[in-house]
Structure formats: C-alpha cells, structure tokens
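1. Give me a model of this one.
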Amino acid sequence: MMNVCFQCGMYRADKIIDPAGPYAICPECGCKHAFLMLPLLIVSGASCAGKSSVLQVLLGKVDDCVLLDSDILWRPEFNQPEQNYREFFETWLRMCKNISQSGRRVVLFGAGMGVPGNIEPCVERRYFSRVEYLALTCEDPVLEKRLSGRPSWRQCGREPFIKAQKEFNRWFLEVGSKSQPAVKVIDNTDEPLEETAARVADWIREKSKN
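-> Below you'll find the model as predicted:
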C-alpha cells in the first residue's frame, strides 16, 4: 500500500511528490520511493447520459486500460454532502493510484468524478501526471425520456431528480467545457450507442499517451 512508508511504517497520504523520479517522499522520515505516475482518465455525465452503457460496450475491447464504474464502491457512509463527498473521491483516487502501479492506466466512469472541482483539490490527485475529463451529454428532452424510462425502483422519474440531472447536464456544456482543466463533451443525443462508445474509445487511446 503506497501510503504506508516502506521505511518508518507511518501512514501518510500526503507524501511529497518529486516528479523528477517520480518519487513519493515520506514527510516523517524522508524515505523516497519510485512509483509510476500515470494519467487518470474520467468519463462522466448526468444520470442516463450513457456512462454505464458505454462502459459495458468497451469492456474487453479497450484492454490496455482498466475500466471501472465508481458506483461499485459507494456505501452509505460516503453520503456526506456537507463535505462534498470528499472521502468518496479520495478513496477512488487512492484505488486508481494503486491499480496504476501495475502499469495500466485507469479509466473511471462516474457522475461526480467528472467535475474537476471535486477531484483536483484531493490529496491523492498529486500521484497522477494529469487527469483527463470527458462528459457524455444529450439534449434535455432525450435525457428526461431516458430517466423516465428507468425501472420505478430507481426513482429516476421524480420531477426534482429530473430537474437536477438536467441542470447537471447543462453544467458540463456551459461551465465544465470552459473550466481549467476543461471537460471534453460528447453529445450523444441522436447517436447509436456503438458510435458513442467508439468515440469514447478513441478519446481513451488519445489521452492514454504520456
């Protein structure tokens, strides 16, 4: 586990990062160790924008990266909006950091992951050479239709939820695409799933390069 110092045994996520190695340096004893500093790729979007569907299409086809859905680690204790879900984001970055030590880049699919303001301030963010952001979007009527068509147990057809997802969808277009770092936007309103997946795969290949 990279956050535990190999020399003094102290747990410090906030190791000093020296990009020249790159090295992670223990603030307690000064021990430094080399690690792989790879890019992290994030695919985001509002609910029903197509994240999970694209992920399912790409599994097994983009085999030089590890593709993961951020929902698999969600637990009730992460539901801390007053802290901007910080622990959830830190946990995922820590997971991705350790996976990337195998030499394979991680592509993380998740809604809130695609907001740079949620990721860039994290302590664990410093272990990546860069983070690339992509968001899937669609026009509001299409998004509403997709949300309303989900099984009732998911409670996605409620008006407050639909309204919030429309606002999030527009955020990527109006704010995220102009932020620093910018979020690349792919509109899949009238596009077959396979074509959207192919565009996401092309983006992954392009951004996986160091």
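
2. Can you list phi and psi of Trp74 for me?
-> Main-chain dihedrals, Trp74, degrees, to the nearest 10: phi -70, psi 130.

3. Let me see the ranges of the strands in this structure.
-> 16-18, 23-25, 32-34, 40-45, 65-69, 105-109, 131-137, 183-187 (DSSP state E).

4. Compare those strands and report which one is nearest to Leu55.
-> Among the strands of the chain, strand 105-109 comes nearest to Leu55, with 4.9 Å by CB to CB. Placement of C-beta: from N, CA and C, glycine included.

5. Name every strand pairing with that closest one and say which way it goes.
-> Note on strand 105-109: by DSSP bridges, its sheet partners are strand 40-45 (parallel), strand 65-69 (parallel).

6. hey, which of these is tucked in deepest?
-> Across these, averaging neighbours per residue (mean count of other CB atoms under 10 Å) puts strand 40-45 on top, at a mean of 27.

7. and the angle from that strand to strand 131-137?
-> Here strand 40-45 runs at 20 degrees with respect to strand 131-137, directions being taken by axes from the mean of the first three to the mean of the last three CA atoms, to 10 degrees.

8. CA atoms only: put strand 40-45 into PDB for me.
-> The C-alpha trace of strand 40-45 is given here as PDB (Å, rounded to 0.1, in the frame of the first residue of the first chain):
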ATOM      1  CA  LEU A  40      -6.100   9.200 -14.900                       C
ATOM      2  CA  LEU A  41      -9.000   9.300 -17.300                       C
ATOM      3  CA  ILE A  42     -12.500  10.100 -16.100                       C
ATOM      4  CA  VAL A  43     -15.800   9.600 -18.100                       C
ATOM      5  CA  SER A  44     -18.700  11.400 -16.600                       C
ATOM      6  CA  GLY A  45     -22.100  12.800 -17.300                       C
END
